[in-house]
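Engineer: How does the following fold in three dimensions:
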Amino acid sequence: MSGERIRVRLLYAEGGGYHNEVISVPGGGLPDYERLIDFLREDEAVAAECYIDATRLCSAQLLEADEEG
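Structural biologist: Below is the predicted model:
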């Protein structure tokens, strides 16, 4: 997965409702983490590209290359 980008669907709770976002992040560090959420919150390459609001985050799901966001 080194150098490869991965797509992740994030589900956020906001104002009594939910919305999702699809992000693309560097996937090289993913094998270093047991859980996807830890990778998103702690990996320096991910943090350099985007902000993950862990207080509102309900779920995170890896998307396959052929899946729609």
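Engineer: so what's the residue nearest the centre of the chain up against?
Structural biologist: The centroid of the chain falls nearest to residue 8 when counting by Cα atoms, centre = their mean (4.4 Å). Residues counted as contacts of residue 8 (Cβ atoms under 8 Å, 6 or more residues apart in numbering) are 22-25, 36, 40, 60-63. C-beta coordinates here come from the backbone N, C-alpha and C atoms, glycine included.
Engineer: Repeat the analysis, applying 6 Å as the threshold.
Structural biologist: 23, 60, 62 (Cβ atoms under 6 Å, 6 or more residues apart in numbering).
Engineer: For the first one, grab the count of nearby residues.
Structural biologist: If I follow you right, that is residue 23. Each residue near residue 23 was counted by other Cβ atoms under 10 Å, and the total is 18.
Engineer: Tell me how far the residue of the chain most remote from its centre lies from residue 60.
Structural biologist: In terms of distance from the mean C-alpha position of the chain, residue 16 ranks first, at 21.9 Å (Cα atoms, centre = their mean). Per Cβ to Cβ, to the nearest Å, residue 16 is found 21 Å from residue 60.
Engineer: Tell me where the chain has helices.
Structural biologist: According to DSSP state H, the chain carries its helices in the segments 36-42, 44-49.
Engineer: quick one, which of those helices is nearest to residue 56?
Structural biologist: helix 36-42 (12.8 Å; Cβ to Cβ).
Engineer: With residue 3 as the reference, measure out to residue 61.
Structural biologist: To residue 3, residue 61 is 22 Å away according to Cβ to Cβ.
Engineer: can you check residue 9 too?
Structural biologist: According to Cβ to Cβ, residue 9 stands 22 Å off from residue 3.
Engineer: Show me which of those two is the more surrounded one.
Structural biologist: Between residue 9 and residue 3, counting by other Cβ under 10 Å, residue 9 is the more crowded of the two (16 against 7).
Engineer: per-residue confidence for the closest residue to the more buried one other than its chain neighbours?
Structural biologist: Setting aside the residues directly before and after it, residue 9 is nearest to residue 61 in space (Cβ to Cβ, 6 or more residues apart in numbering), at 4.7 Å. With respect to pLDDT, residue 61 scores 96.
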